[in-house]
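Student: Only the shape, not the letters, is given here:
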């Protein structure tokens with residue numbers, strides 16, 4: 001019916017361009033339900049009607065690298081190639097490709113890759129553009145190009161139908177996995193927690209998924225190796241008949257990535273928290289972050305410091321509003337007050353429902369015996385977020401744990417995603433994490449104890465890429481690289497890359513849940529998700545708090561291993577792209 005169509009569009013406004021807040025997870029974000037379900041419940045049985053093959057609980061996966069020899073080659077004779085960037089590597093690559101027969105030339109200007117003609121010099125279109133811009137900053141031979149700026153350079157190439165795009169990243173020759181990406185100096189005692197190029201893998205994988213008719217890939221290198229050696233490795237990739245979406249070269253060895261079930265999955269150990277501990281969580285008093293905060297409070301009685309953008313409710317709701325228990329009833333009540341514009345109605349519904357959930361979360365935290373403080377701060381405001389960390393240390397004298405769950409969604413395909421929209425989604429997750437790590441390092445440098453653990457809430461979108469989420473995939477991929485690159489910030493630091501959570505956590509509607517399930521992806525139940533997080537936190541500590549080896553990145557999804565392996569391979573191998 002027409003009413004059914006209208007209701008569906010209201011419920012999925014985020015997909016129409018309105019955007020939505022989220023705290024990890026994938027895809028879309030429906031209005032969250034009040035936090036009144038105890039998180040300590042047992043993991044539920046699979047929902048009735050779920051397809052066979054969806055496990056009753058979430059599985060855990062890790063990404064690893066293994067040697068991958070070169071495959072069949074193609075003839076480069078006459079291939080028009082433009083190389084962007086201003087380092088010695090860019091010049092060496094032009095020479096190497098020329099020796100192999102390609103018609104290679106260097107772009108003029110830092111923004112040559114995206115100047116409207118696809119080759120940067122106005123002398124005819126290039127079939128292949130190789131972007132080495134990220135290497136310039138890593139070598140100190142040019143300005144550091146952040147991922148949103150790189151996106152602004154690549155997007156015109158995609159819109160202009162450039163046939164092949166190859167991005168060169170300086171993550172260290174191990175895709176930020178093995179070894180972790182190097183940090184760069186900032187001129188003071190605190191290094192930049194965000195490695196150069198962190199996030200590029202998620203962006204490139206998404207572009208490859210959205211443009212299946214193109215050859216889009218990434219080759220990761222150690223920029224400290226000789227330019228001639230690196231140029232030969234890149235030229236070898238260009239010469240491949242089938243282009244991989246991501247591959248790493250280090251000391252002459254070529255490696256590819258794969259995903260598999262996490263071996264020796266940990267269970268049943270204790271958290272390194274007590275009632276005296278202090279935990280800081282970003283992402284507000286709603287959604288997944290809120291459920292995790294309540295679970296931590298129930299488990300340990302720790303003090304909770306919540307950071308969120310939304311204002312807490314001010315005063316009591318009018319009786320006619322308070323009587324409405326769902327969004328549909330709220331819409332009707334708001335229309336009776338005189339509101340008519342659909343977006344205005346939905347914004348007011350969002351505000352009211354968010355306030356209710358925040359109030360329920362704070363009440364649940366206090367009911368668990370925790371001391372609670374809420375900070376209304378946008379995590380993109382570096383000064384304000386650093387002030388929150390300083391305030392926590394000043395009031396408590398300690399900060400025992402950090403959970404970074406803040407994030408926003410604004411899903412559009414690359415063709416419709418302007419660079420400023422990409423930057424807003426990317427910076428909310430990435431700049432928040434960057435600021436938190438900087439603030440912690442500064443406090444530790446002043447004599448404070450470092451936290452026992454720092455956990456980033458990422459997404460399977462960052463692991464596999466996801467159509468319509470180039471910005472979100474890049475942001476979550478950057479968190480993975482940051483977790484690997486900053487082991488000194490806490491006793492344990494890692495990223496949990498979540499699949500979709502259940503509607504009770506405010507992540508997806510029933511309609512979207514059905515779509516996920518039809519594809520073999522179940523929704524993570526709140527009790528299951530929090531139990532997985534506790535296991536992974538505890539896995540870093542043995543008896544007496546001894547730190548154990550653990551992966552810096554764990555993907556958590558309620559699906560069969562074959563499903564996520566297929567999704568990852570499709571986004572990473574590039575088989576069939578020629």
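Tutor: Arrived safely. Keep in mind that this is a model prediction, so the values were computed, not measured. Numbers count the residues shown, from 1 in each chain.
Student: what's the closest non-adjacent residue to residue 568?
Tutor: residue 259 (4.3 Å; C-beta to C-beta, 6 or more residues apart in numbering). The C-beta positions use only the backbone N, C-alpha and C, and glycine is treated the same way.
Student: That should have said residue 475, apologies.
Tutor: residue 429 (3.9 Å).
Student: Confirm that the one you found sits in a helix.
Tutor: Yes: counting by DSSP: H, G, I helix; E, B strand; the rest coil, residue 429 is part of a helix.
Student: ok, it - contacts?
Tutor: 404, 406-407, 475-476, 478-479 (C-beta atoms under 8 Å, 6 or more residues apart in numbering).
Student: repeat that with 10 Å
Tutor: 22, 24, 199, 282, 379-380, 404-408, 456-459, 462, 471-472, 474-476, 478-479, 482 (C-beta atoms under 10 Å, 6 or more residues apart in numbering).
Student: That one and residue 476, how far apart?
Tutor: Residue 429 sits at a distance of 7 Å from residue 476 (criterion: C-beta to C-beta, to the nearest Å).
Student: where do the contact lists of these two overlap?
Tutor: Overlap of the contact sets of residue 429 and residue 476 (by C-beta under 10 Å, 6+ apart) consists of 24, 199, 407, 456-459, 462.
Student: least trustworthy helix or strand in the chain by mean pLDDT?
Tutor: Ranked by mean pLDDT, DSSP states H and E, the weakest helix or strand in the chain is strand 20-22, scoring a mean of 40.
Student: Name the next helix or strand following that strand along the chain.
Tutor: Downstream of strand 20-22, the first helix or strand assigned by DSSP states H and E is strand 59-67.
Student: packing partners for that following strand?
Tutor: Judged by 3 or more C-beta pairs under 10 Å, 6 or more residues apart in numbering; DSSP states H and E, strand 59-67 is in contact with strand 246-250, strand 253-261, helix 460-464, strand 492-498, helix 526-538, strand 553-557, helix 561-572.
Student: And the fifth one, what does it pack against?
Tutor: So the one you mean is helix 526-538. By 3+ C-beta pairs under 10 Å, 6+ apart, helix 526-538 packs against strand 59-67, helix 287-300, strand 401-404, strand 453-459, strand 492-498, strand 553-557.
Student: What average pLDDT does the third one get?
Tutor: Okay, so that is strand 401-404. The pLDDT scores in strand 401-404 average 97.
Student: Tell me the gap between it and the middle of its chain.
Tutor: Centroid separation between strand 401-404 and its chain, computed with C-alpha atoms, centre = their mean, to the nearest Å, is 15 Å.
Student: same question, the second one
Tutor: Shown here is helix 287-300, whose average C-alpha point lies 21 Å from the average C-alpha point of the whole chain (C-alpha atoms, centre = their mean).
Student: And for the last one?
Tutor: Counting by C-alpha atoms, centre = their mean, strand 553-557 is centred 12 Å from the centre of its parent chain.
Student: Helices along the stretch 251-400 of the chain, start to end?
Tutor: Remark: helices assigned in the stretch 251-400 of the chain by DSSP state H, counting those that start in this stretch are 287-300, 319-322, 327-336, 342-367, 382-396.
Student: would TSV of those with distance to residue 84 be doable?
Tutor: Supplementary listing: the helices of the stretch 251-400 of the chain in TSV, determined by distance: least, C-beta to C-beta, whole Å:
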stretch	distance to residue 84
helix 287-300	39
helix 319-322	55
helix 327-336	48
helix 342-367	40
helix 382-396	30
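Student: for those, which one sits closest to residue 536?
Tutor: Residue 536 lies closest to helix 287-300 among the helices of the stretch 251-400 of the chain, at 12.0 Å (C-beta to C-beta).
Student: What is the closest one packed up against?
Tutor: Partner elements for helix 287-300 (3+ C-beta pairs under 10 Å, 6+ apart): strand 20-22, strand 278-282, strand 303-308, helix 342-367, strand 401-404, strand 407-409, strand 453-459, helix 526-538.
Student: No further queries at this time; thank you.
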